[in-house]
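Participant: Quick one, what's the 3D model for this:
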Amino acid sequence: QVQLVESGGGLVQAGGSLRLSCAASGSGFGFNTMGWYRQAPGEQRELVAVITRWGTTNYADSVKGRFTISRDNAKNTVYLQMDSLKPEDTAAYYCNVDSVQYYSGRRMDVWGEGTLVTVSS
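Facilitator: Got it, this is the predicted structure:
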């Protein structure tokens, strides 16, 4: 079974910064693409940024140049550095991991419980 532990959300003023972390664990599992999605009240969940095991990244246009995704494969942890935050970035942020069970090859799409980011104007 794969578990995700998210941290780093909170309240920040517009223009400020926050760093989210998501640590994945699970005996017998490897972790491929890891990323962050967000969902604002009344809105659909949307991609923020993803990163492959080899470091290839993809960002939503709305966060390009302001957010940076990175990962530490040794720690199975993905980070999201959020700078120049805007009120419209306010949302619940969810970690997502594409995991694979080594012995069976079975892939599992795992979601974290979410961490709230609130940006005040």
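Participant: The closest residue to Ser70 other than its chain neighbours in helix, strand or coil?
Facilitator: Of all residues not flanking Ser70 in the chain, Tyr79 sits nearest, at 5.0 Å (Cβ to Cβ, 6 or more residues apart in numbering). C-beta: built from backbone N, CA, C; applies to glycine. Reducing the assignment to helix, strand or coil with DSSP: H, G, I helix; E, B strand; the rest coil, the entry for Tyr79 is strand.
Participant: my guess is Tyr79 contacts Phe67, does it?
Facilitator: No - in terms of Cβ atoms under 8 Å, Tyr79 does not count as a neighbour of Phe67; the distance is 10.4 Å.
Participant: between these two, who's got more neighbours?
Facilitator: For Tyr79 versus Phe67, the count of surrounding residues by other Cβ atoms under 10 Å is larger for Phe67: 22 against 19.
Participant: The spatially closest residue to the more buried one that is not a sequence neighbour pairs with what?
Facilitator: Beyond its immediate neighbours in the sequence, the residue positioned closest to Phe67 (Cβ to Cβ, 6+ apart) is Met82, lying 5.1 Å away. Beta-bridge partners for Met82, by DSSP bridges, are Leu18, Phe67.
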